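# my questions concern the predicted model and sequence given below.
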Amino acid sequence: MLRGSRKGGRGARSFAACLDTGPCRTVLRSLSLAVFAFFWSGQTCLVARDASDADRPYNVLFVAVDDLACSLGCYGDPLAVTPNFDRLARQGVLFERAYCQLPLCNPSRASLLTGRRPDEIRVYDLDRHFREQMPDLTTLPQLFRNNGWFVARVGKLYHYNVPAGIGTDGLDDPASWQQTVNPKGRDTLEEEKIFNAEPHRPISAALSWLAAEGTDEQQTDGMIATQAIDLMREHADQPFFIGVGFFRPHTPYVAPKAYFELYDRGRMKMPYAPVDDRRDIPAAAFAHNCPEPNYGLPEATCLDAKHAYYASVSFVDAQLGRLLDAVEELGLRERTIVVVWSDHGYHLGEHRGIWQKRCLFEESARAPLLIYAPQAAGNGKTCSRIVEFVDIYPTVADLCGLASPEDLTGASLKPLLQEPDRAWDRPAITQVLRPGDGEPIMGRSIRTQRWRYTEWNAGSAGRELYDHQEDPGEFTNLADRVEFGQLMAELKSALDAFATPLPPSTPFNPARL
């Protein structure tokens, strides 16, 4: 029995049950086009669709993975054991250069699910809810709910404190869902077994891990996969939008022992960076929660943490595989859109010791994005164009024939799903807010096909310019070179159109940035 709350939808379900009777099915099959009237949560929604099974509205399986870097085989990582992410990449389109709007869980998820940039919804920290600024906006799942889809969430879609919030609703948005399911597995009951390399910090923020006993299905993420599959099976005969949110590989890195055994610890290495890499990087560029390189930990401990991170990624990969298998087994592949994303990237020691997120470097701003749309001409290909997470909302809506709010700044990626190599001249904008030393600092960055330009407090706290054609590791900051002055002026002008240069006047919690 699924745990979770059903809200509204009784009239819609009764109507659907009536349509499923023999006489009604006979009539519907004789029509080339049927108009269904759904009475849903006090609203009447008309959805015109072909009555045949093949032409009914697409389902959406919307999968979020917490703190996932591009540490996947399909993204070229030679260590990663990720056969199911790789399978999805072969089936759909892999976006090689997809960027979040703010590399921190709550702001990124709020931005992605509303289709709005952090400066629009005024969400920069881990506490603020987007409806405080825009109470009447329509989220992506809410759009589907308003148009007659069954809409549910299992696990973490909006922000949760991890691991403390596991099993709760977290910082959820009730208007987005008809049903929510909040599994809580043995990982939450065995926290005393977790190794914490930084005992002065909570396991939610520290490099911490556990090679767990037991089965996948006993872990929270295994339970999430199980209950998401149950929902798909239960609602296989009607259009659905099911959000599935996995908590790993967020710290603590917990996975069953078998996933640790997939990796040879001896092959783990710290990422390369020049000895003087930090010399030309502004102090504000480094994450305020990682003030000391590698947290001051020995290299061996960092490599143990990296091993545990990869094990957690492979554990989530296995749960993704279960979802993909269920789509196949239920006969839903040709009418189910699958979207897999992470809320942001993740540092594993780059730039001589940066860990986790909250940075505007490539590893933190860039994150995995894979989309399978049935019959898309680009399936099986990689798209190297620059895309943003605010593009996901209009894309999914467009694929399902729904109109997005007119004032969204993102663009539908449907043309790239059809032709991944087509011309596409849009940059990506990423921001982060730092508490500073009593004086907050706003960082904002623009990524084009060749360049990344970043400035801190409009440049007064530092600037960075990296040439990705010559320097994909972002090791040489060109911002002080006179010959790039005109280029930086142009990039700054483009930034001004999308992101504020200074800290906001609206409330935020410096301790939760």
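Happy to help now that I have it.

# so where is this protein shaky, pLDDT-wise?
1-54 (pLDDT under 70).

# mind checking how far residue 438 is from residue 506?
Counting by C-beta to C-beta, to the nearest Å, the separation of residue 438 from residue 506 is 19 Å. Placement of C-beta: from N, CA and C, glycine included.

# neighbour count winner among those two?
A direct count of neighbours by other C-beta atoms under 10 Å for residue 438 and residue 506 places residue 506 higher, at 13 against 6.

# that one against residue 134, yeah?
No. Residue 506 lies out of contact with residue 134 (C-beta atoms under 8 Å); the separation is 11.6 Å.

# what are the buried residues along the strand or helix carrying residue 300?
Element membership for residue 300, per DSSP states H and E: helix 299-329. For helix 299-329, burial by neighbour count (16 or more other C-beta atoms under 10 Å) applies to 301-324, 326-327.

# before we move on, what about stretch 423-430?
Judged by neighbour count using 16+ other C-beta under 10 Å, the buried positions of stretch 423-430 are 424, 427-430.

# ok, now stretch 402-409?
Within stretch 402-409, the residues that count as buried by 16+ other C-beta under 10 Å are 402, 404, 408.

# mind checking the end-to-end distance for it?
Across stretch 402-409, the terminal residues are separated by 16 Å (C-alpha to C-alpha, to the nearest Å).

# which stretches of the stretch 51-200 of the chain form strands?
Taking DSSP state E, counting those that start in this stretch as the criterion, the stretch 51-200 of the chain carries its strands at 59-65, 93-99, 150-155, 179-181, 195-196.

# please produce TSV containing those, extended by distance to residue 163 and mean neighbour count.
Formatted as TSV, these follow (distance: least, C-beta to C-beta, whole Å; neighbours: other C-beta atoms under 10 Å):
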stretch	distance to residue 163	mean neighbour count
strand 59-65	16	25
strand 93-99	27	24
strand 150-155	13	27
strand 179-181	17	21
strand 195-196	12	18
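
# Serialize those to a markdown table and add fields for distance to residue 268.
Compiled in a markdown table, the strands of the stretch 51-200 of the chain are given as follows (distance: least, C-beta to C-beta, whole Å):
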| stretch | distance to residue 268 |
| --- | --- |
| strand 59-65 | 21 |
| strand 93-99 | 24 |
| strand 150-155 | 28 |
| strand 179-181 | 35 |
| strand 195-196 | 16 |
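
# out of these, which comes closest to residue 349?
The minimum distance between residue 349 and the strands of the stretch 51-200 of the chain falls on strand 195-196, with 18.0 Å, by C-beta to C-beta.

# direction included, what does the closest one pair against?
strand 208-212 (antiparallel) (DSSP bridges).

# how far off centre is the strand it pairs with?
Averaging C-alpha positions (C-alpha atoms, centre = their mean, to the nearest Å) puts strand 208-212 23 Å from its chain's average.

# just the CA coordinates of it, formatted as CSV?
Coordinates of the C-alpha atoms in strand 208-212 are reproduced here as CSV (Å, rounded to 0.1, in the frame of the first residue of the first chain):
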residue,chain,number,x,y,z
SER,A,208,30.7,11.0,5.2
TRP,A,209,29.8,7.6,4.0
LEU,A,210,28.7,4.0,4.7
ALA,A,211,29.0,0.7,2.8
ALA,A,212,25.7,-0.6,4.0
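
# please begin residue numbering at 665 from this point
Done: numbering now begins at 665, and the last item shifts to strand 872-876.

# which residues touch that strand?
By C-beta atoms under 8 Å, 6 or more residues apart in numbering, the residues outside strand 872-876 that reach it are 850-851, 854, 857-862, 883, 915-921, 924, 968-969, 972-973, 975-976.

# okay, the angle between it and helix 963-993?
Interaxial angle of strand 872-876 relative to helix 963-993 (axes from the mean of the first three to the mean of the last three C-alpha atoms, to 10 degrees): 50 degrees.

# residue 907: which element?
strand 904-910.

# which residues sit against that strand?
Taking C-beta under 8 Å, 6+ apart as the rule, strand 904-910 contacts 723-730, 805, 808-809, 813-821, 841, 885, 888-889, 892, 895-896, 899, 980, 983-984, 987.

# then stretch 1167-1177?
768, 783, 786, 788-792, 797, 952, 1022, 1097-1099, 1104-1106, 1121.

# what do you get for stretch 856-866?
Against stretch 856-866 from outside (C-beta under 8 Å, 6+ apart): 867, 870-874, 876, 916, 918, 959, 961, 965, 968-969.

# buried subset of these?
Of the contacts of stretch 856-866, these count as buried by 16+ other C-beta under 10 Å: 867, 870-874, 876, 916, 918, 959, 961, 965, 968-969.

# quick one: which of these is nearest residue 737?
Closest to residue 737, out of all of the buried ones among the contacts of stretch 856-866 and judged by C-beta to C-beta, is residue 969, at 20.6 Å.

# which phi and psi does residue 1097 have?
According to degrees, to the nearest 10, the main-chain angles of residue 1097 amount to phi -110, psi 130.

# in the sheet, who's paired with it?
residue 1106.

# for residue 872, same thing?
residue 860.

# and the nearest residue in space to residue 956 that is not next to it in sequence, how far is that from residue 1126?
In space, and not counting its chain neighbours, residue 956 is closest to residue 1017: 7.6 Å by C-beta to C-beta, 6 or more residues apart in numbering. Using C-beta to C-beta, residue 1017 is found at 18 Å from residue 1126.

# settle it for me: which of the two has more neighbours?
residue 1017 (22 against 19).

# can you tell me how far that one is from residue 865?
For residue 1017 relative to residue 865 (C-beta to C-beta), the value is 16 Å.

# quick one: the helices in the stretch 1065-1177 of the chain, in order.
With DSSP state H, counting those that start in this stretch as the criterion, the stretch 1065-1177 of the chain has helices at 1078-1082, 1149-1160.

# of those, which is nearest residue 835?
Across the helices of the stretch 1065-1177 of the chain, closest to residue 835 is helix 1149-1160 (C-beta to C-beta), at 28.3 Å.

# list the buried residues for the closest one?
For helix 1149-1160, by 16+ other C-beta under 10 Å, it's 1151-1152, 1155-1156, 1159.

# now render the helices of the stretch 1065-1177 of the chain as TSV, adding distance to residue 828.
Below are these laid out as TSV (distance: least, C-beta to C-beta, whole Å):
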stretch	distance to residue 828
helix 1078-1082	38
helix 1149-1160	36
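
# so for residue 834, which of those sits nearest?
Closest among the helices of the stretch 1065-1177 of the chain, once you apply C-beta to C-beta, is helix 1078-1082, at 30.7 Å.

# list the buried residues in that closest one.
Those would be 1078-1081, for helix 1078-1082 by 16+ other C-beta under 10 Å.

# of the residues you listed, closest to residue 1003?
residue 1081 (10.9 Å).

# so what's that closest one up against?
757, 1035, 1037, 1040-1043, 1059, 1063.

# among those residues, which ones are buried?
For the contacts of residue 1081, buried by 16+ other C-beta under 10 Å: 757, 1035, 1037, 1040, 1042-1043, 1059, 1063.

# ok, residue 893 - contacts?
Applying C-beta under 8 Å, 6+ apart to residue 893 gives the contacts 986-987, 990.

# ok so, going back, now do the helix holding residue 964 and strand 814-819, the angle between them.
Orientation check (the same axes, to 10 degrees): helix 963-993 against strand 814-819 gives 150 degrees.

# which element follows helix 963-993 toward the C-terminus?
From helix 963-993 onward toward the C-terminus, using DSSP H and E, the following helix or strand is strand 1000-1006.

# before I go, just wanted to say thanks for your time.
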